[in-house]
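Participant: Provide a 3D model corresponding to the input given below.
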Amino acid sequence: MSKFSQILWQENQKLYEATLNLPFNQELAAGTLSKDAFTHYVIQDAHYLLAYGRALAICAAKAYDADDVILFTEAAKVAIVVERSLHDGFMQEFGISQADFMDTPLTLACHHYTSYLLASAYADSYPVVLASLLPCFWIYAKVGQDIYDKSAPNNPYQAWIDTYAGEEFHTAVQKVIDVVDKVAERADQDTLDKMREAYTYAAKLEWLFWESAHRQDKWRGLDDILI
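Facilitator: Next up, the predicted model:
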């Protein structure tokens with residue numbers, strides 16, 4: 001019998017492939033992604049990681065056992081550390097000031113994704129929260145590994161690529177997958193159905209986040225209305 005995580009992956013295989021084949025990820029691997037698109041992405045990713053860290057902390061509070069409390073508490077910490085490292089590393093390298101970051105609002109895609117994760121973290125049961133958080137871990141790791149494997153020589157974005165293809169990150173991802181399988185084994189059918197829905201919805205938002213980054217999406221027209 002297949003593990004629950006394997007079922008989730010198989011059911012959403014086409015969605016992962018669509019994410020992998022987005023222009024943003026293909027151009028990132030080739031080193032041809034525009035600087036503007038990458039800086040737009042880094043700013044939104046920093047906003048996202050802060051919210052993701054909060055969702056992970058809530059997940060930790062709902063965890064069934066001490067080991068899982070530790071796992072997700074540490075994951076929340078790592079998300080915030082990575083968010084800060086973006087300020088100290090990539091943002092400085094690409095000329096993004098703290099003021100630039102603070103003055104840049106969340107895009108529609110980032111706002112939608114973070115709002116969904118936080119709403120799920122607060123309102124849903126522990127198994128469903130786990131499923132909503134899993135795509136960010138798993139799809140990010142898979143996409144990151146693929147980009148790493150295909151990365152062009154002297155890629156200007158190699159430092160970022162190395163971060164998500166590292167062994168430490170993939171080990172952490174596998175631990176989360178194992179927890180999802182462990183929790184799914186004791187869940188009833190209604191909970192499993194909700195977990196599947198949560199995973200797919202979050203995976204769609206993963207796709208949307210990268211897709212909007214390539215377009216450098218903004219709240220088009222709103223600023224003109226408010227001026």
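Participant: In contact with the spatially closest residue to residue 96 that is not a sequence neighbour, which residues?
Facilitator: Nearest non-adjacent residue to residue 96, counting by Cβ to Cβ, 6 or more residues apart in numbering: residue 39, 5.7 Å away. From N, CA and C alone the C-beta is placed, and that goes for glycine too. Residue 39 makes contact with 91, 94-96 under the criterion Cβ atoms under 8 Å, 6 or more residues apart in numbering.
Participant: Any of the residues you listed buried? List them.
Facilitator: 91, 96 (16 or more other Cβ atoms under 10 Å).
Participant: of all the contacts of residue 39, which comes closest to residue 147?
Facilitator: In terms of Cβ to Cβ, no member of those lies closer to residue 147 than residue 94, at 18.0 Å.
Participant: Give me the phi and psi for the closest one.
Facilitator: phi -100, psi 20 (degrees, to the nearest 10).
Participant: quick one: it from residue 113, how far?
Facilitator: For residue 94, the distance to residue 113 equals 23 Å [Cβ to Cβ, to the nearest Å].
Participant: Show me the shaky parts of this protein.
Facilitator: Low-confidence segments of the chain, defined by pLDDT under 70: 1, 83, 86-87, 219-227.
Participant: what ranges do the strands span in it?
Facilitator: For the chain, applying DSSP state E gives no strands.
Participant: where exactly do the helices run in it?
Facilitator: 4-11, 13-20, 23-30, 35-62, 66-86, 92-93, 98-103, 108-123, 126-150, 158-165, 167-185, 189-215, 222-226 (DSSP state H).
Participant: what sits against the most centrally placed residue in the chain?
Facilitator: Geometric centre of the chain, nearest residue: residue 136, 3.3 Å, by Cα atoms, centre = their mean. Applying Cβ under 8 Å, 6+ apart, we find residue 136 in contact with 52, 117, 202, 206.
Participant: burial measure for the first one, as a count.
Facilitator: Residue 52 sits with 25 neighbouring residues when counted by other Cβ atoms under 10 Å.
Participant: For it, give me its contacts.
Facilitator: The neighbourhood of residue 52, defined by Cβ under 8 Å, 6+ apart, consists of 79, 114, 117, 133, 136.
Participant: Please work out how many residues are found near the nearest residue to residue 172 once chain neighbours are set aside.
Facilitator: Nearest non-adjacent residue to residue 172, counting by Cβ to Cβ, 6+ apart: residue 75, 6.8 Å away. Around residue 75 there are 22 other residues, counting by other Cβ under 10 Å.
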